[in-house]
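**Student:** Dropping a prediction and its sequence here:
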Amino acid sequence: MAIPWIKKIREGGQLSVFNKANTWTDAVNASIDAFNRLSFGVTLVKAKDEKSANVVLVLANGHTEYTYQGTTVTPGAGFSPDRLHGKTRAYYYEQPPKEIFFAVTFLPGKVNGTKKQKEVIVVHEFIHAAGMDEHDDRGIMFAQMGEDGDGLIEYLHDKGSKAMPPIRVGGQTACIMNMLWSGGAACKAS
């Protein structure tokens, strides 16, 4: 289920990002640009420091924890530091209205991926950080990706589809992000 950000952040239409995953810097920078080109109603900007960030990216080389305002999260048991994937954990208020106030993204620290493959992973995780918890049956939010040249492609892709980047967005992703950030109507189940 999609979870919106707190009203003040939604109304500002901007999430600040701080990258602590230094070996992913080139991919993170490319991902910020790629995400912003998707016109979701929210823009990513680089935070000056970790304390002022809405979203922090960290490198996970094994058991990794991140603590924010006294709450510690991990990427979870299924996270592998040598596989091309990420894990985003959103911090949100449990009481209605259920809203996100911070997110951390864990990136694999022992992976041998290309810059473009890492870009796909980071854009996928940025969309999760923006509030979309679901996956889509098309495009960047497909749950499982496979390597294709120096990019990634959905495991179950349409004939003629090419590896990302450039980033493709499925209809469900576009609808949910519009709902979260531009006040669009609720999305129909796919």
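**Tutor:** Structure received. This structure is a prediction, so every number in the text was calculated from the model and none was measured. Numbers count the residues shown, from 1 in each chain.

**Student:** what residues are up against Gln172?
**Tutor:** Neighbour list for Gln172: 134, 136-138, 141, 187, 190 [criterion: CB atoms under 8 Å, 6 or more residues apart in numbering]. All C-beta spots, glycine's among them, are computed from the backbone N, C-alpha and C.

**Student:** got the contact list for stretch 29-46?
**Tutor:** Stretch 29-46 has contacts (CB under 8 Å, 6+ apart) with 13-19, 55, 115, 118-119, 122-123, 126-127, 130, 165-167, 169, 177-178, 180-182.

**Student:** Which residue ranges of this structure form strands?
**Tutor:** Counting by DSSP state E, the chain has strands at residues 14-19, 43-46, 55-60, 66-68, 71-73, 87-92, 100-108, 145-148, 151-154.

**Student:** Can you add distance to Gly160 and mean pLDDT and give the ones you listed back as a markdown table?
**Tutor:** Listed next are these as a markdown table, based on distance: least, CB to CB, whole Å; pLDDT from 0 to 100:
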| stretch | distance to Gly160 | mean pLDDT |
| --- | --- | --- |
| strand 14-19 | 33 | 98 |
| strand 43-46 | 30 | 98 |
| strand 55-60 | 33 | 97 |
| strand 66-68 | 40 | 96 |
| strand 71-73 | 40 | 95 |
| strand 87-92 | 30 | 96 |
| strand 100-108 | 30 | 98 |
| strand 145-148 | 13 | 94 |
| strand 151-154 | 11 | 95 |
